[in-house]
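Asks: the following comprises the amino acid sequence and a computationally predicted model.
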Amino acid sequence: MFLVDTNILLYAADRDAEEHATARERLEDWRHGAETWWATWSIFYEFLRVATHRGVLPTPLTLAQSWEFLEAVMASPSFGLLVHTIRHREVVGTLAMRYPGVRGNLAHDFHIAALMYEHGVREIRTADADFHRFDFLAVVNPLRGE
């Protein structure tokens with residue numbers, strides 16, 4: 001069981017990315033595999049923001065193309081979205097005390113980590129090294145075969 005981060009989805013969708021072929025292959029393996037995998041709504045919204053942004057991607061997708069990509073992700077029988085539970089407030093409070101140095105742009109990663117903690121998901125597949133700060137997560141970069 002693992003969560004896939006925004007950057008891996010973006011590389012899989014962006015044909016201009018150097019990492020595209022590897023990310024797309026991994027994504028297809030997960031989509032057709034039996035292992036349970038997750039994302040969050042915040043990951044999906046970040047994907048939509050970046051995938052459609054002319055200043056970020058040389059050939060941005062339209063919102064409709066981006067959503068179609070995410071629909072294909074969600075169509076995988078082994079995929080699910082992590083959402084807040086009644087415990088979310090308590091989990092965020094506990095983790096805020098445990099990681100007092102989190103601020104600014106890291107708040108987005110903190111939210112993802114909190115949802116993972118809340119649901120018992122301990123592995124994140126990402127190319128973002130910032131997740132190493134959360135010692136309860138196993139950070140795996142699927143583009144390097146880690």
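Replies: In hand now; what should we look at?

Asks: C-alpha from now on. contacts and neighbour counts both.
Replies: Noted.

Asks: specify the beta-bridge partners of Leu81.
Replies: With DSSP bridges applied, Leu81 shows beta-bridge pairing to Ala39.

Asks: ok, now how distant is it from Gly104?
Replies: Distance, Leu81 to Gly104, by Cα to Cα, to the nearest Å: 25 Å.

Asks: which of these two has more neighbours?
Replies: Leu81 (14 against 7; other Cα atoms under 10 Å).

Asks: residues in contact with that one?
Replies: Neighbour list for Leu81: 38-41 [criterion: Cα atoms under 8 Å, 6 or more residues apart in numbering].

Asks: of these, keep whichever come out buried.
Replies: 38-40 (16 or more other Cα atoms under 10 Å).

Asks: what helix or strand does the residue of the chain most remote from its centre sit in?
Replies: In terms of distance from the mean C-alpha position of the chain, Met97 ranks first, at 23.7 Å (Cα atoms, centre = their mean). Using DSSP states H and E, Met97 maps to helix 88-98.

Asks: what's the pLDDT at the residue farthest from the centre of the chain?
Replies: In this prediction, Met97 carries a pLDDT score of 98.

Asks: going along the chain, name the strands of the chain.
Replies: 2-4, 37-40, 79-82, 123-125, 138-140 (DSSP state E).

Asks: can you redo those as JSON lines with mean pLDDT and distance to Phe69?
Replies: Formatted as JSON lines, the strands of the chain follow (pLDDT from 0 to 100; distance: least, Cα to Cα, whole Å):
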{"stretch": "strand 2-4", "mean pLDDT": "98", "distance to Phe69": "14"}
{"stretch": "strand 37-40", "mean pLDDT": "98", "distance to Phe69": "14"}
{"stretch": "strand 79-82", "mean pLDDT": "98", "distance to Phe69": "14"}
{"stretch": "strand 123-125", "mean pLDDT": "98", "distance to Phe69": "18"}
{"stretch": "strand 138-140", "mean pLDDT": "98", "distance to Phe69": "23"}
